[in-house]
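Novice: Have a look; sequence and predicted model below, questions after that.
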Amino acid sequence: MSKDVGQRKVDGNGRSILLPFGLLTPWLAMKFKPINSENNPTFKSFLKLTRTRGIKKHGLALLSGPKQVKEVLDEFPDRCDSIIFSDRHEPPYESTTVGIPAYCLKTALFRQIDIYDTDRPILTVKTAHLPKLDDRSESSGCTLCVPFQDPASQAWWKR
């Protein structure tokens, strides 16, 4: 006998889903694409964005952190490509206002994408092409170039 931990509702795609108690009704109108398999091509492309080669190839990057995601959704909606969340999360309401695709991943799949273990929705953003630095430019003053590769390895710089 299974214990009911939520309530059954119909999602924006017409599927019956189990929602945790207390989920706000505006989320139900949101359309999102469920991803339940590691073999899903969209999931595979998200997984590639956890590596430098995938970011360069697809021109997209994963953005984590609730404040950062909200700020980019509000300030730069044209740079947003999609939003990814777990089946344990409430769908991010902001994604419906900017009209970007939303993907609901099974928890185990989401953990593979959430490399910084934020357990919050992740935004995929379009990356800008950075021109090659020309040290012969005629700008006055000093140019500081700090090559950060992994945000987790920036701790030494903050000290």
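Specialist: That came through, no problem. This structure is a prediction, so every number in the text was calculated from the model and none was measured.

Novice: Val72 contacts Ile83, doesn't it?
Specialist: No. In this structure Val72 lies outside contact range of Ile83 using Cβ atoms under 8 Å: 10.2 Å. No exception for glycine: its C-beta is placed from N, CA and C like everyone else's.

Novice: average pLDDT across the biggest helix by length in the chain?
Specialist: Selection of the longest helix in the chain by residue count, based on DSSP state H, yields helix 66-75. Helix 66-75 carries an average pLDDT of 87.

Novice: those strands in the protein, which residues are they?
Specialist: 6-10, 16-20, 33-35, 60-63, 80-86, 102-105, 122-126 (DSSP state E).

Novice: quick one on the thing from earlier: what about Val72 and Ile83, which has more around it?
Specialist: For Val72 versus Ile83, neighbours defined as other Cβ atoms under 10 Å are more numerous around Ile83 (24 against 18).

Novice: give me the beta-bridge partners of that one?
Specialist: Ala102, Leu123 (DSSP bridges).

Novice: that older thread, need the least confident one among the strands of the chain, by mean pLDDT.
Specialist: Lowest mean pLDDT of the strands of the chain: strand 6-10, a mean of 47.

Novice: re the thing from before, what's the overlap in contacts for Val72 and Ile83?
Specialist: Common neighbours of Val72 and Ile83 (criterion: Cβ atoms under 8 Å, 6 or more residues apart in numbering): Leu123.

Novice: can you list the weak-confidence ranges in the chain?
Specialist: For the chain, applying pLDDT under 70 flags the ranges 1-30, 91-98, 133-139, 145, 147-159.

Novice: let's see 80
Specialist: 1-31, 90-99, 129-159 (pLDDT under 80).

Novice: buried stuff in the longest helix of the chain?
Specialist: For helix 66-75, the neighbour count (16 or more other Cβ atoms under 10 Å) marks Val69, Val72, Leu73 as buried.
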